[in-house]
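Enquirer: got a sequence here, can you build the structure:
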Amino acid sequence: MIHFKKILKVFLSILLLFVVAFFLLSRKTIPEHITYGVSFSKFHSDELGLSWKDVFISTLDDLKVRNFRLSAHWPMIEPKQGEYHFDELDFQMQEAKKRDAHVVLAVGRRLPGWPECHDPDWIKGRSVADRNAEVLSYIEAVVKRYRDYPNITYWQVENEPYLSVFAHEQCGDLDPSFLKQEVALVKNLDPDRKILVTDSGNLGTWYGAWRTGDVFGTSIYLYLWNPTIGQVKTVYSPAVYRAKSNFLGLIAGQKKNILIELSLEPWLLEPIVKAPLQTQLERMDIHKFKETISFAKTTGFDVQYLWGVEWWYFMKKQNHSEYWDEAKRLFSQ
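Expert: Coordinates of the predicted model:
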């Protein structure tokens, strides 16, 4: 009995220390003002059967978005080996520049959007060494073309590269040394701009990404879907993100950290255009949309990029403009 009491006392002491530490770490200031932006993808607009130019211009001129994350998807940039096609990204960068909109420009093989790793057809079947050499050549071409744009805020190198849970079959194992090579290349080509490296907010440890980049970015998916148990809501509270940011700052050095991906479209196991409209509405109705935004406001991130603008536009065409209208109110604040 005495031995049991000692064990219980030690356990309770450790638990108390954990609670106190969590409380102290989670005391990150909640910003009075949040700078909002969106991730925009021609790739995702095409998936939804939309005119991507219409979506992008409407995001600029109707929603009045002035902070973007754009993706230089490799198949879009280099559809044939050595033949670079910049028309689509030129359009996005030029239209953003005309309106003084800031851009985080993402480069690399693994960029936002399923299947995570986006390989042009011509690279398939090649060795890892050959593929890596071609990735570096494509990154160099992109950075050289856009480094003189004054409205680029950061270069993002790869997307959640340390997250191996999803898309392992498409992406393979992470090679940390190659990631560092990619970062070093971008830094050498454009030494005055900071590098953003990202990790999952739900599943990532953050440590590797935090140490690799100059700026750290994470994601929040409040509602997910599991084929066995159905819709799942994250068990994390906003305080977890505040505590995690403070903890990483203590052990890996203080740096700017942002919410680069706040999911505001339904989590599906099939392409959106193949999912029934009712399923889409159930997975992300307007109440969940607003709840997710409210949740993120107390995570401590003063810069937040929303994910799903293409779907809001798509839903507006399906006579469900409530998402677009709510986003419009948010960006007008």
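Enquirer: just the terminal-to-terminal distance for stretch 249-256.
Expert: Taking C-alpha to C-alpha, to the nearest Å, stretch 249-256 runs 9 Å from one end to the other.
Enquirer: one more: stretch 55-75?
Expert: Taking C-alpha to C-alpha, stretch 55-75 runs 21 Å from one end to the other.
Enquirer: so which bits of it are buried?
Expert: 55-56, 58-60, 63, 65-74 (16 or more other C-beta atoms under 10 Å). Placement of C-beta: from N, CA and C, glycine included.
Enquirer: how about stretch 176-195?
Expert: Buried residues in stretch 176-195, counting neighbours by 16+ other C-beta under 10 Å, are found at 178-179, 182-183, 185-187, 190, 193, 195.
Enquirer: just the ones of the buried residues of stretch 55-75 in helices?
Expert: When the buried residues of stretch 55-75 are checked against helices (DSSP state H), the matches are 55-56, 58-60, 74.
Enquirer: just flag the most distant two among those residues.
Expert: Ser58 and Trp74 (26.4 Å; C-beta to C-beta).
Enquirer: on that earlier part again, which of the buried residues of stretch 55-75 lies closest to Val135?
Expert: Using C-beta to C-beta, Trp74 is the member of those that lies nearest Val135, at 7.4 Å.
Enquirer: correct me, but the closest one touches Pro120?
Expert: Yes. In terms of C-beta atoms under 8 Å, Trp74 counts as a neighbour of Pro120; the distance is 5.8 Å.
Enquirer: any chance of the ones in helices among the buried residues of stretch 55-75 in TSV, with distance to Cys171 and pLDDT too?
Expert: Listed next are these as TSV, based on distance: C-beta to C-beta, whole Å; pLDDT from 0 to 100:
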residue	distance to Cys171	pLDDT
Val55	27	98
Phe56	27	98
Ser58	32	98
Thr59	28	98
Leu60	32	98
Trp74	13	98
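Enquirer: so which residues of the stretch 101-250 of the chain form strands?
Expert: Secondary structure of the stretch 101-250 of the chain (DSSP state E, counting those that start in this stretch): strands located at 102-107, 152-157, 194-199, 215-220, 223-226, 230-233.
Enquirer: now those strands in TSV, please, with extra columns for mean pLDDT and distance to Lys274.
Expert: What follows is the strands of the stretch 101-250 of the chain, written out as TSV (pLDDT from 0 to 100; distance: least, C-beta to C-beta, whole Å):
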stretch	mean pLDDT	distance to Lys274
strand 102-107	98	26
strand 152-157	98	29
strand 194-199	98	28
strand 215-220	98	24
strand 223-226	90	15
strand 230-233	91	18
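Enquirer: for Asp302, find the nearest of those strands.
Expert: Relative to Asp302, the nearest member of those by C-beta to C-beta is strand 215-220, separated by 12.7 Å.
Enquirer: mind checking how far that closest one is from the chain centre?
Expert: Average the C-alpha atoms of strand 215-220, do the same for its chain, and the two points are 7 Å apart (C-alpha atoms, centre = their mean, to the nearest Å).
Enquirer: would you map the helices across the chain?
Expert: Across the chain, reading from the start of the chain, the helices by DSSP H fall at 2-25, 42-47, 52-61, 74-77, 87-98, 128-146, 168-171, 176-189, 207-212, 238-252, 277-283, 286-297, 309-317, 322-331.
Enquirer: tell me which of these sits most buried.
Expert: For the helices of the chain, the stretch with the most neighbours on average is helix 309-317, a mean of 23; neighbours defined as mean count of other C-beta atoms under 10 Å.
Enquirer: that one vs helix 52-61, what angle?
Expert: Between the direction of helix 309-317 and that of helix 52-61, the angle (axes from the mean of the first three to the mean of the last three C-alpha atoms, to 10 degrees) works out to 100 degrees.
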